[in-house]
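1. heads up, no residue letters with this:
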């Protein structure tokens, strides 16, 4: 596809995966799904399958430990040592800049998901609500699906609440929807509640919501997730992350976006 380049790290066919499950977490509100997915990658020690460079990602280079790289989507995999169910994990450094770009990359990723014989996609994200309505120390999780029967079954297992109406903007909602329409692949979307101030403040990162999603995944899909990330040590994690974020902002304070006239925010769940 024009404007998309694949960097293949390992050549694996769908026959080499055992009942693979796809877990998806793209950047968005408070980076809830992104942080949960990145944490899961680290916990599972997932291996790189391929990177995807797309010309509708932000025009800039990412610097990490003095090394430059282009913004990209990443597909990783984890082989279950018990040979029950392998996992393919998908995330990205950024959302596409335009609606057309979101559709293009979502369609492309959906085709890859289908090529690996995946039958279920689990997408992770944020559910912004007023802080006055967040009463519990443990955020609630809201769920939607492309298959009503699967949704009802997982509501019992996870103790989540249904999303009755609304719009899930961005690839986290679009990929499961396109996968169902094109290839009859079922999809579940789990959104952890977060303060709706995150919709207008891009500096907010809600680790509590991300960790709640992680613990839900551990219980629902029997994943070997340790207690490194837990609601009990959330303050230490948040402090360390803020230090890193402040340092990154200091390093980049001389850079300016080319088009900032309308100061639009990325409101992708």
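-> Alright, I've got the coordinates. Not measured: the values here are computed from a predicted model. Numbers count the residues shown, from 1 in each chain.
2. Quick check: mean pLDDT of stretch 153-173?
-> Regarding stretch 153-173, the rounded mean pLDDT is 86.
3. now it, how far from the centre of its chain.
-> 14 Å (C-alpha atoms, centre = their mean, to the nearest Å).
4. ditto for stretch 9-23
-> With C-alpha atoms, centre = their mean, you get 19 Å for stretch 9-23.
5. and what of stretch 46-53?
-> The answer for stretch 46-53 is 14 Å, by C-alpha atoms, centre = their mean.
6. what do you get for stretch 73-81?
-> 14 Å.
7. Show me which residues of that stretch are buried.
-> For stretch 73-81, the neighbour count (16 or more other C-beta atoms under 10 Å) marks 73, 74, 75, 76, 77, 78, 79, 80 as buried. In short, each C-beta sits where N, CA and C put it, glycine included.
8. so of the residues you listed, which ones are in helices?
-> If you go by DSSP state H, the buried residues of stretch 73-81 have nothing in helices.
9. So the most centrally placed residue in the chain versus residue 123, what's the distance?
-> When the chain is reduced to its mean C-alpha position, the nearest residue by C-alpha atoms, centre = their mean turns out to be residue 25, at 0.9 Å. According to C-beta to C-beta, to the nearest Å, residue 25 and residue 123 sit 7 Å apart.
10. Residue 185 now?
-> Counting by C-beta to C-beta, the gap from residue 185 to residue 123 is 12 Å.
11. Could you check which of the two is surrounded by more residues?
-> residue 123 (28 against 22; other C-beta atoms under 10 Å).
12. Run me through the strand neighbours of the host helix or strand of the more buried one, direction for each.
-> Here residue 123, judged by DSSP states H and E, is contained in strand 120-129. Strand 120-129 pairs in its sheet with strand 21-24 (parallel), strand 186-195 (parallel), by DSSP bridges.
13. how far does stretch 155-167 stretch from start to finish?
-> 20 Å (C-alpha to C-alpha, to the nearest Å).
14. How about residues contacting that stretch?
-> 127, 140-144, 151, 154, 173, 189-191, 216, 219-220 (C-beta atoms under 8 Å, 6 or more residues apart in numbering).
15. Between the residues you listed, which sits nearest residue 3?
-> residue 173 (22.3 Å; C-beta to C-beta).
16. That closest one: neighbour count?
-> 25.
17. distance of the closest residue to it other than its chain neighbours from residue 42?
-> Distances taken as C-beta to C-beta, 6 or more residues apart in numbering place residue 189 nearest to residue 173, at 6.1 Å, with adjacent residues excluded. In this view, residue 189 and residue 42 are 23 Å apart by C-beta to C-beta.
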